[in-house]
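# just need the structure, nothing else, for what follows:
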Amino acid sequence: MYYQNKICWITGASSGIGEAIAYELAKHGAHLVLSARSEAKLSQVAKRCMQHGAAETLVLPIDLGVPSSIADAFKSFQEKYTHLDLLINNGGISQRAVAAETNSDVERNIMEVNYFGTIYLTKLVMPILMHQKSGQLAVTSSIAGKFGFPLRTSYSASKHAVQGYFESLRTELLPYNIGVNIIIPGRVRTEISKHALDGKGTATETMDKGLDDGISPEIAAKKIVRDLAKGKKEILVGGKELLMVFIRRYTPWLFYKIVSRISPT
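Sure, this is the predicted structure:
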């Protein structure tokens, strides 16, 4: 029960991995701050969190693509709390389109949500953690943040950026006793691919076969919360596809051979 009575803020908490993490932390008896765009969905998640044992819940809608929305949510957070133990930057958006057919405004939107929005919220809460000299900053990257993959050029770029930022941030926050954890999901059975943007910025409404065969969000959340409590710097969650991370690192020639056989359509 590592997170019992601790204040934990989760973005992207209305569905998928974020929702599952919220329930897992609720079982620990945490104080939960839940953020995503849909207030209605968040309210349903908050109710279930209380049923799972959360100490309390606070719903703070956020649109990570709109800085003023992030600032408003942080202001509301400050009206309730002066302390924070854990921020999980899980909110984001994916992509399913080849680069040549992706509009520039779509690419900017993906970067705005996945990178700039995440960084903005992180920097808003950072002074709280630095003052108290404790806490954790976590971010959900992806195996696409470790290597490139077809149909995900902008998504992969945003996750590479997040990966680099938080790895650098970890070194800067060492004197303040603040942990920085990077969550790296592989195939987890969520609807992220249905919400992924095509080249014109429209949700694809299509479920990836690979994701459909992935591990459940509940299994992923259990591992994530357990490894966060252990302070693991990188938390890999998924199935055999995670082997690609190690193949890319130790035998890049084999990685390139495998990727060259993947159809970009």
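# centre-most residue in the chain?
Compute the mean C-alpha point of the chain, and by Cα atoms, centre = their mean the closest residue is residue 90, 2.3 Å away.
# how close does that one sit to residue 10?
Remark: distance between residue 90 and residue 10 (Cβ to Cβ, to the nearest Å) = 6 Å. For the C-beta atoms, the positions are set from N, CA and C on the backbone; glycine is no exception.
# before we move on, the earlier item: contact partners for the residue nearest to the centre of the chain?
Contacts for residue 90 (Cβ atoms under 8 Å, 6 or more residues apart in numbering) come out as 10-13, 17-18, 21, 139-140, 183.
# who wins for neighbours among the residues you listed?
Counting neighbours by other Cβ atoms under 10 Å, the top entry in these is residue 13, with 32 neighbours.
# secondary structure element for it?
When elements are assigned from DSSP states H and E, residue 13 belongs to no helix and no strand.
# pLDDT wise, what is it at?
What the model reports as pLDDT for residue 13 is 97.
# one more: residue 56?
Residue 56 carries a pLDDT value of 98.
# run a quick neighbour tally on it.
For residue 56, the count of nearby residues is 15 (other Cβ under 10 Å).
# equivalent analysis for residue 260, please.
Residue 260 sits with 7 neighbouring residues when counted by other Cβ under 10 Å.
# and it, backbone torsions?
Main-chain torsions, residue 260, degrees, to the nearest 10: phi -60, psi -20.
# re earlier: tell me, what's touching residue 90 and residue 10 both at once?
Residues within reach of residue 90 and of residue 10 at once, by Cβ under 8 Å, 6+ apart, are 18, 21.
# before we move on, the earlier item: in strands, which of the contacts of residue 90 fall?
When DSSP state E is applied, the contacts of residue 90 are split such that 10-11, 139-140, 183 fall in strands.
# in JSON lines, list those along with distance to residue 46.
Shown next, in JSON lines, are those (distance: Cβ to Cβ, whole Å):
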{"residue": "10", "distance to residue 46": "11"}
{"residue": "11", "distance to residue 46": "14"}
{"residue": "139", "distance to residue 46": "23"}
{"residue": "140", "distance to residue 46": "20"}
{"residue": "183", "distance to residue 46": "22"}
